[in-house]
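# my questions are about this predicted structure, shown below with the sequence.
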Amino acid sequence: MSQVNPVTIDKFLGVNKSETETLLQLGEASESSNWIVTDDNKLSKAFGYAKLFASLGNHKINGMWYGELSGIPHFIFSCNGHLYEHNLTTHANTDLGAIANAYPTTIFANNNSVYILDGNNYYKWTGSGEILLVVGYTPTVATASPPTGGGTLLESINYLTGQKTQKFSGNNDATVYQLLETNIDSVDVVKVGGVEKTVTTDYTVNLTNGTVTFVVKPPTGVNNVEITWTKVDAADRPRITKCKWYGGIYYSRLWLFGNPDYKNTRFVSGITIAGVSDPEFWPKFADSNVGKYEITDIKTQYDKQLIWTTGDSSEASAWYSTNETYTDGNSGLVVTIFPVYPINAKIGHVAPGQVQIINNNPFTIWKGIYQWASTYVMNEKNAEWMSKRIQNDLDDLDLRNALTIDWNERGIYMLCVGKRIWCYNYRVDAWYILDIPHTPTCFLAVDGKLCFGTDNGTIMRFDESLPTYDGEKITAVWKMGFYNFGVDWLRKFIQRIFVSIKPFSKTHIDITYETDINNTSDVYTASYGLSGFDTWDFSDFSFETNYSPQPFKFKIRAKKIDYFKLCITNDDTDVATVLSITLPVRTGGEVKGR
C-alpha cells in the first residue's frame, strides 16, 4: 500500500449540477443548499432574515423602491391597491394613496419625484403628502403663429394629455385666431401680453372651428397671444399608463415598455422647451416598434441602448439602438431619432424587467442565463452561457416568471423561481443555492441589506445577525461529487478526516460520507463555543476563548473504496464556516469488479 499526498479542499468552488458528478472539480458540490461561497472561497452557512412589519394580508408586495428625494431617504412599496411608505426606524407604514392592485408595480425616480406605473394609471409622489395622478406636461405645439394659424411647430402632442398651447404674434388687426386643431373639447386659458383674459367678456370660442374671437384686437407683438386648449384622443393616454416597465435613461430620455396592447413598442420621453427631459411628457409618434415580438427589457450599456425581445430564430431577439439626428425638411427642426439594429437572432430574454448589469455586462434569461460581452468588433456582442453549472436545475422551470437582482454590495447576482434562489458570486465565479420558506415577489437592496417582498403581504430583510428564516431553522447541506482521487483503477483507504472551522460563540457542523461500497456512515460532529456572558449556557458550559481556526480529526473506516463523497450539514440555529477539509488517502491494489 502506498502513501498518496493528502487531498485538501480549502477552496470551495460552488455548486455544479452536472449529470456526471464524478467529473466535478475538487471543491465543487454536487448538491448544496443554504451554504454561501464567500469571497475567499470558504463555505459559510447562510444567514437569516426577518419581516419588517406584520403582514398586510394575503396579498403580494407588488413593487418596492428606495432612494432620496430632496436629500431625505424614503422606502416605499405597493400592496393590495395602495402605495405605502415604510419607516425603517419605527417600522410603521404610512398609506400614501390608492393605486391598482397590479403585479408588477414599477416605481422609479426622476426630477426629484417618484413615479409609479401600475399598468392602469400613472402617478407621482414628491416625498410628502399623498400620491398624485400625473396629468401630463402641456406642450407648446406651435410658436410665432399668425392669427390665421400655422406658425413654427415646436413640441409634439403629449400622449398623457389632450391639452396643448399655441403662441401667436398679434398684428393689431385680427380678432379671430385659428388654432391648429378643430372640433376641440375646450379652450382653457387665453392670455394676451401675459395677462389672462375672461371668456365672454374678452373673447368667445367656436369649438367646432377651433377659433378664439377677441372683443378687442390684440396688439402687435411676438408670441404675445397664448391660447391653451384641450382635445382628447381616448386612445392616447393608455399607451403610457398601461406600460408596466421602466427602461432607464438613454440619451437624456426616459423609456417605458410593457404595454400589453403594444408589446413590441418602446415609448420615449420628450425634451421640453426648457431643454430638459420630462417624465410627464411622452411625445406622440416618437415611440418605435422593435421587430414583431414582445420587448422584455431595455438597458443602457456604454453609448448604446440594448433591447431584448422574446423573438425566435426567424427574427432578431436582441437589438441595439443609437441616437441620430436629422433636419426636418418642412419645419426646419432638428429631430432626434433612435433607430434599432439587430445583435442576435437566436438568444433573447424571457423574464420581463429582469435583465441585470453585472460589471457592465447585461445578464439575460433565455433557457438559461447569458452574459452579453463586448468584442473587438464595434456593436458586436457575444452571448456567453453563464448557467452551465446550474442548467440542470433550470431546464424544467418556467423562467418567464423568474426574479433577479444584482446585490452589488456583495457582488452577487441572484435568480429566484418560487422559493429557491440561485446565487452567483461573480467576484469568485461560484454558484450556490438558497432554499427559503417564503416566496419572493420582488427584490431590493436597502442600505446594503437585501430585502424581498412576499406573496403574503410583508417584506423580509436579510441580516447577518439572524440565525433563522423569519423563525424557521436554516438547514444547510453541502455534498461533494463522488471523487476518485485521480486514480479510478486503484482501491483507496481513508482512515481519517481533518476539518478546520471558524470559531464562533456557538458553531458546529455534522459530517457524513458515502462510498461506492456503502451509502451510509456515522455522523461526526465538529463543534466549538466561545466563552461569553451573553452566550453562556450553564448546561453546556465552556471556558474556550481561542479565536483561531479550530481543527478537528475524525477516525473513519472507508476501506477498499473507489469513490468517496463527503456531506456537511448544519440544521441548528448556530452559524458555521468551513475553512478546509483534508483527506489522507492510501492506495492499494486494483479495483475488483463486482
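Arrived safely.

# output the below-cut-off pLDDT ranges for this protein.
Along the chain, the model assigns pLDDT under 70 to residues 1-4, 313, 328-334, 375-380, 530-547, 593-594.

# tell me how it divides into domains.
2-31+40-45+475-590, 61-133, 163-230, 235-471 (automatic domain parsing).

# quick test: name the residue nearest the centre of the protein.
What sits nearest the mean C-alpha location of the chain, by C-alpha atoms, centre = their mean, is I405, with 4.5 Å.

# ok, that one to I421 distance?
9 Å (C-beta to C-beta, to the nearest Å). From N, CA and C alone the C-beta is placed, and that goes for glycine too.

# what touches both of the two?
Listed as contacting both I405 and I421 by C-beta atoms under 8 Å, 6 or more residues apart in numbering are M414.

# for P238, helix, strand, or coil?
Three-state assignment for P238 (DSSP: H, G, I helix; E, B strand; the rest coil): helix.

# what's the closest non-adjacent residue to it?
The shortest distance from P238 to any non-neighbouring residue, by C-beta to C-beta, 6 or more residues apart in numbering, is to D261 (7.4 Å).

# check contacts around M460.
49-52, 438, 451-452, 454, 470.

# thinking again about what came up before, part of a strand, is the residue nearest to the centre of the chain?
Yes - counting by three-state DSSP, I405 is part of a strand.

# what residues are up against it?
Counted by C-beta under 8 Å, 6+ apart, I405 has contacts 356, 413-414, 443-445, 450.

# cutoff 7 Å now
The contact partners of I405, taken as C-beta atoms under 7 Å, 6 or more residues apart in numbering, are 356, 414, 443.

# which one of these is nearest T20?
M414 (27.0 Å; C-beta to C-beta).

# is the closest one in contact with N425, as I believe?
No - if you go by C-beta atoms under 7 Å, M414 and N425 don't touch, sitting 10.2 Å apart.

# quick one on the thing from earlier: show the buried residues in the contacts of M460.
Those of the contacts of M460 that meet the buried threshold are 49, 51-52, 438, 451-452, 454, 470, by 16 or more other C-beta atoms under 10 Å.

# what pairs with K479 across the strands?
E31, C567 (DSSP bridges).

# oops, could you answer that again for K492 instead?
Under the criterion used here (DSSP bridges), K492 is bridged to I561, T587.

# could you do the one 5 residues further on as well?
The bridge-partner assignment for I497, based on DSSP bridges, gives F554.

# apart from its neighbours in sequence, what residue is nearest the residue of the chain most remote from its centre?
Relative to the centre of the chain, and counting by C-alpha atoms, centre = their mean, the farthest-placed residue is D173 at 60.4 Å. In space, D173 comes closest to K217 once its chain neighbours are excluded; the distance is 6.2 Å by C-beta to C-beta, 6+ apart.

# what does A476 give?
N34 (4.1 Å).

# against S128, how distant is that neighbour?
42 Å.

# same check on T230?
Distance from T230 to S128, by C-beta to C-beta: 29 Å.

# tell me which of the two has more neighbours.
Using other C-beta atoms under 10 Å, the more surrounded residue of T230 and S128 is T230, with 15 against 11.
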